[in-house]
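# Fold the following, please.
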Amino acid sequence: MQHGRVAPPQRTVFIAGLNRLLGAGERLGALAPARFSMGALMEAAARKTGLADFGDPWFERPFEVLLDAVRGEARLNLAGQHSAVLQFNKVLTDRLWAQHWFDRFPEILERPIPRPVVIVGPMRSGTTRLHRLLASDRRFTHMRSFETISPVPRPDFEDVLAGKAEDFRPVLARRIMKVARAANPRTLSIHPTGPFEPEEELGLLVSSMWGMKHDAQWQVPSYSSWCAVEDATPAYRHLANLLRLIGWSQQASPLRPWILKTPQHMLDLPALLNVFPDARLIFTHRDPRSLVGSAASLAWNQTIIYSDHVDPARIGRDWLAKTEQQIERMRAAREGLGPERMIDVQYDDVERDWHGEMERIYRFLDLDMGPAEAKMADYLERSKSLKRHPHVYRLSDFHVSADEVAERFADYVRTFDVPTSGWGEGAQGRAGANATAVPVQRERRRRFG
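Sure, this is the predicted structure:
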């Protein structure tokens with residue numbers, strides 16, 4: 001056993017109790033067993049809504065592969081099975097209602113999405129902090145957490161616009177977050193949020209049954225392998241249409257650029273640029289040992305909710321490979337981009353001098369940072385109350401050696417001048433027992449922005 005290795009944290013007793021309750025419900029016939037049939041799930045959503053048009057049928061291809069992987073690989077417990085059915089049902093009903101809104105108000109699909117600012121970085125590279133800093137600027141449009149959970153307005157939304165009803169989506173988001181906190185409070189320490197906090201658009205890709213959200217909550221390797229060789233452009237087209245719907249529901253000016261971010265863009269940058277050809281890209285970088293350890297911890301803390309058969313060593317190897325894949329695909333996709341389209345930002349530099357780094361980003365965007373500066377400072381102060389507990393993790397919890405990570409990512413560190421000295425295991429930057437420094441050349445920074 002590697003020195004310093006300890007067992008990763010376990011889930012709360014809430015899930016054990018929920019599994020017992022669901023098991024009793026199934027035995028007594030009060031609850032039907034979860035069914036992972038694409039046809040049955042789509043029929044149920046159509047019956048529930050009274051609608052039949054799911055939009056572009058491309059989503060059925062990843063959906064079928066995902067269902068096969070859930071049935072054959074995920075080894076879900078009862079809570080995992082029933083939550084998966086609820087998730088699929090919500091995605092399908094959202095697709096039906098989205099098409100309803102597009103048909104009822106065709107002008108939604110005519111809304112432009114000019115020059116979006118897209119933050120592209122590996123999972124756990126500081127993309128959330130940068131996204132929320134930029135979202136403080138009212139010259140940009142951003143999604144809120146309740147909108148990534150429920151991107152599609154409910155049927156009564158015209159009454160909401162007329163001031164006759166309350167938008168139920170923030171209420172639903174609070175309920176979902178409360179259940180998530182009960183299932184595993186660490187997940188909201190790793191990624192603190194609230195219904196109205198700026199949030200990424202990963203949920204919009206999930207609407208096409210696409211994206212690494214599935215990898216981070218279920219063990220579905222065959223689905224991941226299938227996605228790795230598919231063109232995600234149709235999923236990004238649907239994402240763009242959902243952004244148009246969200247902008248319309250916010251009554252936001254279509255001339256304001258969107259601020260976007262999700263680690264999925266590392267894998268699908270060509271598809272993103274197919275759909276948003278004038279996007280301006282902000283690439284984030286962090287010591288890969290922190291990336292791998294933090295991503296494995298996030299995936300572990302989500303996967304143990306849904307399955308009783310999760311191996312930390314497998315989680316560690318999976319997220320080591322996934323992080324490597326994200327970086328390789330990002331590097332290949334940005335080869336043809338000119339320097340006027342992109343800027344590189346280091347996690348450590350934002351930690352050390354957020355104001356200076358944001359000024360550098362605003363120069364890249366040809367904007368004056370002054371009007372947003374106070375709001376950014378307010379966000380940073382408010383974020384302290386959101387993140388009440390630091391995210392503490394160890395590579396060794398997941399049977400991964402820091403030396404191996406340093407070796408596999410050495411070229412990435414050199415090329416992008418990623419700071420690695422003082423690397424720590426957790427969010428506080430504490431030095432780990434098996435941390436290894438990788439030499440970098442700080443003078444190369446200006447090559448990349």
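
# What's the local residue count around the residue nearest to residue 267 when sequence neighbours are not counted?
Closest residue in space to residue 267, ignoring its immediate chain neighbours: residue 329 at 5.3 Å, by Cβ to Cβ, 6 or more residues apart in numbering. The C-beta positions use only the backbone N, C-alpha and C, and glycine is treated the same way. By the criterion of other Cβ atoms under 10 Å, residue 329 has 17 neighbours.

# What confidence value was assigned to residue 329?
The model reports residue 329 with a pLDDT of 96.

# is it true that it touches residue 263?
No. Applying Cβ atoms under 8 Å as the test, residue 329 and residue 263 come out as separate, 11.3 Å apart.

# Show residues contacting the strand or helix carrying residue 318.
Using DSSP states H and E, the element containing residue 318 is helix 312-333. Outside helix 312-333, the residues that touch it by Cβ atoms under 8 Å, 6 or more residues apart in numbering are 7-8, 120, 122-123, 212, 215, 219, 221, 224, 228, 263, 266-267, 269-270, 273, 283, 288, 291-292, 295-296, 299-300, 303, 395, 397-400, 404-405, 408-409, 412, 415.

# filter those residues to the buried ones?
8, 120, 122-123, 212, 215, 219, 224, 263, 266-267, 269, 273, 283, 288, 291-292, 295-296, 299-300, 303, 395, 397-400, 405, 408-409, 412 (16 or more other Cβ atoms under 10 Å).

# all strands of this protein, in order?
117-120, 259-261, 280-285, 342-346 (DSSP state E).

# For residue 354, which of those strands is the nearest?
Proximity to residue 354 (Cβ to Cβ) singles out strand 342-346 among these, at 10.5 Å.

# my read: residue 300 touches residue 310, true?
Yes. Here residue 300 reaches residue 310: they are 6.9 Å apart, a contact under Cβ under 8 Å.

# I'd like the distance from the nearest residue to residue 161 once chain neighbours are set aside to residue 153, if you could.
Counting by Cβ to Cβ, 6+ apart, residue 161 lies nearest to residue 251, which is 7.5 Å off, once chain neighbours are set aside. Using Cβ to Cβ, to the nearest Å, we find residue 251 at a distance of 12 Å from residue 153.

# pLDDT-wise, which helix or strand of the chain ranks last?
Scoring the helices and strands of the chain by mean pLDDT, DSSP states H and E places helix 186-190 at the bottom, with a mean of 65.

# Looking at residue 251 and residue 153, which has the bigger crowd around it?
More crowded of residue 251 and residue 153, by other Cβ under 10 Å: residue 153, with 23 against 7.

# My understanding was that that one contacts residue 101; is that so?
Yes. Counting by Cβ under 8 Å, residue 101 is a contact partner of residue 153 at 6.8 Å.

# joint contacts of these two?
Residues within reach of residue 153 and of residue 101 at once, by Cβ under 8 Å, 6+ apart, are residue 245.

# pLDDT weak spots in the chain?
The chain contains residues with pLDDT under 70 at 1-7, 187-191, 386-390, 421-449.

# Longest helix of it, counting residues only.
helix 78-104 (DSSP state H).

# which secondary structure elements does it contact?
Judged by 3 or more Cβ pairs under 8 Å, 6 or more residues apart in numbering; DSSP states H and E, helix 78-104 is in contact with helix 13-27, helix 38-49, helix 233-250, helix 288-306.

# Kindly calculate the angle that it makes with helix 233-250.
70 degrees (axes from the mean of the first three to the mean of the last three Cα atoms, to 10 degrees).

# quick one: buried residues of helix 78-104?
Across helix 78-104, burial judged by 16+ other Cβ under 10 Å covers 78-85, 88, 90-102.

# angle of it against helix 288-306?
Going by the same axes, to 10 degrees, helix 78-104 makes 100 degrees with helix 288-306.

# re earlier: of the contacts of helix 312-333, which belong to helices?
Per DSSP H, those map to helices at 215, 221, 224, 228, 266-267, 269-270, 273, 288, 291-292, 295-296, 299-300, 303, 404-405, 408, 412, 415.

# residue contacts, residue 365?
Contact analysis of residue 365 by Cβ under 8 Å, 6+ apart lists 117, 280.

# quick one: it and residue 341, what's the gap?
12 Å.

# what do those two both touch?
By Cβ under 8 Å, 6+ apart, the residues touching both residue 365 and residue 341 are residue 280.

# do you know how far residue 224 is from residue 404?
On the measure of Cβ to Cβ, residue 224 and residue 404 end up 21 Å apart.

# Give me the distance between stretch 197-212 and the centre of its chain.
6 Å (Cα atoms, centre = their mean, to the nearest Å).

# what's the distance between residue 219 and residue 88?
Residue 219 is 17 Å from residue 88, by Cβ to Cβ.

# same question but for residue 142, I mixed them up
27 Å.

# ditto for residue 43
From residue 43 across to residue 88, the span is 12 Å (Cβ to Cβ).

# How about residue 261?
25 Å.

# Equivalent analysis for residue 147, please.
Distance from residue 147 to residue 88, by Cβ to Cβ: 20 Å.

# next one: residue 47
14 Å.

# what's the span of stretch 138-147 from first residue to last?
With Cα to Cα, to the nearest Å as the measure, the ends of stretch 138-147 fall 18 Å from one another.

# gap between it and the chain center?
Relative to the centre of its chain, stretch 138-147 is centred 15 Å away, using Cα atoms, centre = their mean.

# Which residues does it contact?
117, 131, 134-135, 151, 169-170, 172-173, 193-201, 203, 243, 246-247, 250, 252-253, 256-259, 367, 371-372, 375.

# So for that stretch, what gets flagged as buried?
Quick answer for stretch 138-147 (16+ other Cβ under 10 Å): 140, 141, 142, 143, 144, 145, 146, 147.

# Show me the two of those residues that sit farthest apart.
Most distant of these, by Cβ to Cβ, are 140 and 146, 18.3 Å apart.

# distance between the helix holding residue 318 and the chain's centre?
15 Å.

# Go ahead and confirm residue 207 touches residue 243.
No. At 11.2 Å, residue 207 does not count as touching residue 243 under the criterion of Cβ under 8 Å.

# Phi first, then psi, for residue 279.
phi -60, psi 140 (degrees, to the nearest 10).
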